[in-house]
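K.L.:
With the input below, show me the fold.
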Amino acid sequence: MSIRSWTLRNLILPAGDAAFRHGMIRRLRFLEQAQWWDSERIEKFRRERLAELTQVAYREVPFYRDLMNSAGLRPEDLRRPEDLPRLPMVSKPMLRARYPHDVVRDTGLRTYEARTSGSTGTNFAVREDSETAGYYRASLMLSLAWTGWQIGDEHIQSGITPVRNLERRLKDRLLRCHYVSAYDTTDASLDGMLGLIERRGIRHVWGYPCSMYLLARRARQLGWNQPLRAIATWGDTLYPQYRKTIEEVFGVQVYDTYGCGEGIQIAAQCGHGPHYHTHEIDGVVEFVDDAGQPVAPGQPGHVLLTRFHPGPMPLIRYRVGDSAVPSKTTRCACGRHWSLMDSIQGRDTDVIVTPEGNRLIVHFFTGILEFFDEIDAFQVVQKELESMHVRIVLKPGEVFTRELEQRIIARLQERGAMGIKIYIEPVDEIPLSKAGKRRFVMSEVALR
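P.N.:
Numbering: from 1, shown residues only. This next block holds a predicted model:
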């Protein structure tokens, strides 16, 4: 461990945790030990945390109390992960219908609203507090450590929060993070990232799979060759062609991570094979059929999440909107005893290409449209290079106006959708595809 890393881990970041009440470093130290527990100790810990969670949810959250009562269950009936299928699945519409009063509890900490569109294009809000944020950030830090990164190693992160508040600016400075906007993937922007890597000797790059793929394609076009150590991806599906191109061009391994905007890190790759380790210390990950029953290993199923840390808004058997495949493999060569999954299948996305050469990835749209309170769901369709159609479903009681239309267009243009005609179309619903999925970014032009 470098002197800088030791100082950050033992002095500076713990002080920040105390100031912001995150507890991230304390949680990270715990996870670094718990990742090597044997199966028996892991199972004992999970049963204890699940029992505590169900008690809290029943006592303090009317939604879960009603759900258990309607199923004829008491908290003591849900003490093991194997007991969870006795409880109905929980969907976004179920939580939204009773948000916030019947699904949010008082933790004694200041809460804030986090929004996500997930893989369905349907806006959804959850309540978080600083401790909850510290938990999922610690799990992400653990996953990043599996790539060979240490706290304090200089890196580039491509994301959708280009406006950095005080806390983010402090984090960037301390951790030596160069944050670049994923809204702009023009050749000029990609050239800037490659130049930054070269000038600073950066060896770790993080971002959405599509952003990393576009960066690799640009590097190949330029004949760019700079040694890296690893690339970490999150947020979208890491398609095989994305991984192949990134690894060939940069000559490093891609480590994919899987989380959701509701404040849960779900799984990550350790580098000892193509599978993912589920974060078993954080909660229960179920793979179920339409009836909510477990699917066989090797078969795709809906992902249900139960987070052990209740936070302001407990999530139990929460259907996140993705599908994934639990692995037939039971042990990983890395020595960790956490359960494995083979792949994530449920995030079908595409790329919108503008005439000016910008490439608008899925998070370009989710990072903008999820903050319009009038919008319930959306879908972006591009059939020709010169234009795109943004279909929106309004929330009950909302009315489509010229003012709303202009606000949406202006916000999209501000972020990078310049030189392309934008048509806003109010619709009653976003239809499912023939595969039963709701794709909310579709292009017949992208990446031709």
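
K.L.:
so what's the nearest residue to residue 56 once chain neighbours are set aside up against?
P.N.:
Closest residue in space to residue 56, ignoring its immediate chain neighbours: residue 310 at 4.8 Å, by C-beta to C-beta, 6 or more residues apart in numbering. All C-beta atoms are positioned from the backbone trio N, CA, C, and that covers glycine. Shown in contact with residue 310 (C-beta atoms under 8 Å, 6 or more residues apart in numbering): 53, 56, 57, 105.

K.L.:
Find the pair from those residues with maximum spatial separation.
P.N.:
53 and 105 (11.7 Å; C-beta to C-beta).

K.L.:
Give the buried residues for stretch 365-384.
P.N.:
Residues 365-370, 372, 374-382 are the ones in stretch 365-384 that count as buried (16 or more other C-beta atoms under 10 Å).

K.L.:
Okay, now the unreliable bits of the stretch 301-448 of the chain?
P.N.:
Applying pLDDT under 70 to the stretch 301-448 of the chain flags the ranges 346-349, 432-438, 446-448.

K.L.:
got the residue ranges for the helices in it?
P.N.:
Taking DSSP state H, counting those that start in this stretch as the test, the helices found in the stretch 301-448 of the chain are 362-369, 402-415.

K.L.:
just the ones you listed: most buried one?
P.N.:
Stretch with highest mean neighbour count among the helices of the stretch 301-448 of the chain: helix 362-369 (a mean of 23; mean count of other C-beta atoms under 10 Å).

K.L.:
got the contact list for stretch 64-84?
P.N.:
46-47, 50-51, 54-55, 57-59, 86-88, 90, 102, 284, 286, 304, 306, 314, 316-317.

K.L.:
again, but for stretch 292-300
P.N.:
So stretch 292-300 is contacted by 85, 88-89, 286-289, 301, 304, 317, 323-328, 342, 345 (C-beta under 8 Å, 6+ apart).

K.L.:
Filter the residues you listed down to the ones in strands?
P.N.:
286, 287, 288, 301, 304, 323, 324, 325, 326, 342 (DSSP state E).

K.L.:
and the third one, how many neighbours does it have?
P.N.:
If I follow you right, that is residue 288. 19 (other C-beta atoms under 10 Å).

K.L.:
cool, the last one as well?
P.N.:
Residue 342 has 18 neighbouring residues, counting by other C-beta under 10 Å.

K.L.:
separation between it and residue 49?
P.N.:
Using C-beta to C-beta, to the nearest Å, residue 342 is found at 26 Å from residue 49.

K.L.:
How about the fourth one?
P.N.:
Using C-beta to C-beta, one gets 23 Å for the distance from residue 301 to residue 49.

K.L.:
Also the second one?
P.N.:
Counting by C-beta to C-beta, the gap from residue 287 to residue 49 is 20 Å.

K.L.:
Kindly report the same for residue 321.
P.N.:
For residue 321, the distance to residue 49 - C-beta to C-beta - is 24 Å.

K.L.:
Same question for residue 324.
P.N.:
22 Å.

K.L.:
who's sitting farthest from the centroid in this protein?
P.N.:
Going by C-alpha atoms, centre = their mean, the residue of the chain most distant from its centre is residue 72, 33.7 Å out.

K.L.:
For that one, report the pLDDT, please.
P.N.:
Here the pLDDT value assigned to residue 72 is 97.

K.L.:
In three-state terms, how would it be classified?
P.N.:
At residue 72, secondary structure determined by DSSP: H, G, I helix; E, B strand; the rest coil is coil.

K.L.:
Identify the residues contacting stretch 326-334?
P.N.:
With C-beta under 8 Å, 6+ apart as the criterion, stretch 326-334 contacts 270-273, 275, 277, 287, 295, 297-299, 301, 337-342.

K.L.:
now the strands for the stretch 151-300 of the chain?
P.N.:
Assigned by DSSP state E, counting those that start in this stretch, the strands in the stretch 151-300 of the chain fall at 155-159, 177-181, 204-207, 230-233, 253-260, 264-268, 276-278, 283-288.

K.L.:
Could I get those in TSV, plus columns for distance to residue 218 and mean pLDDT?
P.N.:
Formatted as TSV, the strands of the stretch 151-300 of the chain follow (distance: least, C-beta to C-beta, whole Å; pLDDT from 0 to 100):
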stretch	distance to residue 218	mean pLDDT
strand 155-159	13	95
strand 177-181	13	95
strand 204-207	13	97
strand 230-233	14	98
strand 253-260	17	95
strand 264-268	26	96
strand 276-278	28	98
strand 283-288	35	96
